[in-house]
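# curious how this folds, go ahead:
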Amino acid sequence: MQIGQVIETEIGYTLSQDDDGIDLPQGTIKVRISSPQSNDSTKEHYAYPIDVNRIHMPLVGEKVLMVKTPTDQNTSFHKQARYSYIKIVNIHNNVNTNVLPFGNVGQASSGGGADPAGGMGGEPLADDTIVQISHEEKDIPPLQPYDGDILTQDRYGSTLRMSSTVSGGPYDQPTQPWSGTPGEPIMVLTSGLNVAKGSLYVIEDPEQDKSSVFIAANHKIKIDSSQPKFGPPGSSILASTAFEGAQIVLNSDRLLFNAKVDSILLSGATTVAISTPSWAVDMEEFFTLFDDLLTTLQKVFAGLSMFPTPMGGPTLPNVPALNEVIQIITKYKQMTQ
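Predicted structure coming up:
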């Protein structure tokens, strides 16, 4: 294996060719290798992503771990090899940048012996080599890992956690925004983590993070809804923090559901609830009331519920129909927030 310092990434973002006119795959970078044990000392090389289905683009100035891999030019008589990069080398224990603009890999230390840090010192890269977004300013701490977790994090504050429930333990952030039976799986996808200054680790917070998706097998999700209730008094609909079970929770400032060709389908085994600043509507209850109203109107217009009219006197109220409408209106107004 070799460690190379990234000196160019632009070739990986668009269709590029190497010095022989051969197309370079997406994600290709250029690295500099410097090692007393390598015949490639101080040379610049193309390095290809070892897995084109999962590309982690490094930054200029970062170190990458590389291996030599076969090329599509290999034959039984003529074997060629190229460098493929596997991972970005952790230098600063920082999820958003590990740029080390000084030095090449594997150089001898100033004392003449091998550099125990793997040759992380040496000559600085030219100032015009690093032309990219300044990632140092983001200061994003890593996710708090829990026992058995699988974590994926990018440089910008988007994360994917595959986890379960823990109780206690030697964690910097021991309180999870979910609860449930230990061992039950949960996945959390977050974009825009809320980062407290000075935190060693960060934990998802649906109240503060910009956007998140919780896919739970048997959990309660600690999240407050933007509206206080989902249905009229006595409704069986549980508040978002009260339900425990298999559920998916979408949380953001705005949600857009767009069906480009067919319909948007909403189907609930018990009901569908809609909550706005003014209304908390249980759709099962709403359509039942609407059906009752239509039934009452039908009886009136069909003459099945008559308005009493005394001989020579004015038409009197249809009390039975009026009482039915009053009951409907009373239940309807209970759907207000």
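
# where does the prediction get shaky in the stretch 1-150 of the chain?
Low-confidence segments of the stretch 1-150 of the chain, defined by pLDDT under 70: 34-42, 73-80, 101-138.

# go again using 90 as the cut-off
Within the stretch 1-150 of the chain, the ranges that satisfy pLDDT under 90 run 1-2, 14-23, 25, 33-44, 52-54, 70-82, 92-142.

# could you pull out the strands for it?
For the stretch 1-150 of the chain, the strands defined by DSSP state E, counting those that start in this stretch occupy 2-8, 16-17, 23-24, 29-33, 43-49, 63-70, 81-88, 150-153.

# likewise for the stretch 201-337 of the chain?
For the stretch 201-337 of the chain, applying DSSP E, counting those that start in this stretch gives strands covering 211-221, 245-251, 273-275, 280-282.

# winner for burial among those strands?
strand 280-282 (a mean of 23; mean count of other C-beta atoms under 10 Å). Any C-beta I mention is one placed from the backbone N, CA and C, and that applies to glycine too.

# ok so, going back, could you dump the strands of the stretch 1-150 of the chain into JSON lines with mean neighbour count and distance to F243 added?
Converted to JSON lines, the strands of the stretch 1-150 of the chain look like this (neighbours: other C-beta atoms under 10 Å; distance: least, C-beta to C-beta, whole Å):
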{"stretch": "strand 2-8", "mean neighbour count": "23", "distance to F243": "47"}
{"stretch": "strand 16-17", "mean neighbour count": "12", "distance to F243": "52"}
{"stretch": "strand 23-24", "mean neighbour count": "13", "distance to F243": "51"}
{"stretch": "strand 29-33", "mean neighbour count": "23", "distance to F243": "47"}
{"stretch": "strand 43-49", "mean neighbour count": "18", "distance to F243": "43"}
{"stretch": "strand 63-70", "mean neighbour count": "17", "distance to F243": "45"}
{"stretch": "strand 81-88", "mean neighbour count": "17", "distance to F243": "40"}
{"stretch": "strand 150-153", "mean neighbour count": "14", "distance to F243": "26"}
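
# closest to L255 out of the ones you listed?
Among those, strand 150-153 comes nearest to L255, with 23.4 Å by C-beta to C-beta.

# packing partners of the closest one?
strand 158-163 (3 or more C-beta pairs under 8 Å, 6 or more residues apart in numbering; DSSP states H and E).

# quick one: mean pLDDT for the strand it packs on?
What strand 158-163 shows for mean pLDDT is 95.

# okay, now the closest residue to V99 other than its chain neighbours: neighbour count?
Leaving aside its sequence neighbours, V99 sits nearest to G61 (C-beta to C-beta, 6 or more residues apart in numbering; 3.7 Å). Neighbour count for G61, taken as other C-beta atoms under 10 Å: 20.

# could you check how far G61 is from Q5?
Taking C-beta to C-beta, to the nearest Å as the measure, G61 falls 7 Å from Q5.

# what's the closest of the strands of the stretch 1-150 of the chain to G169?
Going by C-beta to C-beta, the one of the strands of the stretch 1-150 of the chain nearest G169 is strand 150-153, 16.0 Å.

# and the contacts of the closest one?
For strand 150-153, the surrounding residues in contact (C-beta atoms under 8 Å, 6 or more residues apart in numbering) are 95, 142-143, 145, 159-163.

# in the longest helix anywhere in the chain, which residues are buried?
Taking DSSP state H as the criterion, the chain has its longest helix at helix 283-301. Within helix 283-301, the residues that count as buried by 16 or more other C-beta atoms under 10 Å are 284-286, 289, 296, 299-300.

# stretch 318-337 too?
Applying 16+ other C-beta under 10 Å to stretch 318-337 flags 318, 321, 324-325, 328, 332, 334-335 as buried.

# as JSON lines, these with pLDDT and distance to R32 would be great.
Below are these laid out as JSON lines (pLDDT from 0 to 100; distance: C-beta to C-beta, whole Å):
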{"residue": "N318", "pLDDT": "78", "distance to R32": "92"}
{"residue": "A321", "pLDDT": "81", "distance to R32": "88"}
{"residue": "E324", "pLDDT": "86", "distance to R32": "84"}
{"residue": "V325", "pLDDT": "85", "distance to R32": "83"}
{"residue": "I328", "pLDDT": "83", "distance to R32": "78"}
{"residue": "Y332", "pLDDT": "83", "distance to R32": "73"}
{"residue": "Q334", "pLDDT": "82", "distance to R32": "72"}
{"residue": "M335", "pLDDT": "80", "distance to R32": "68"}
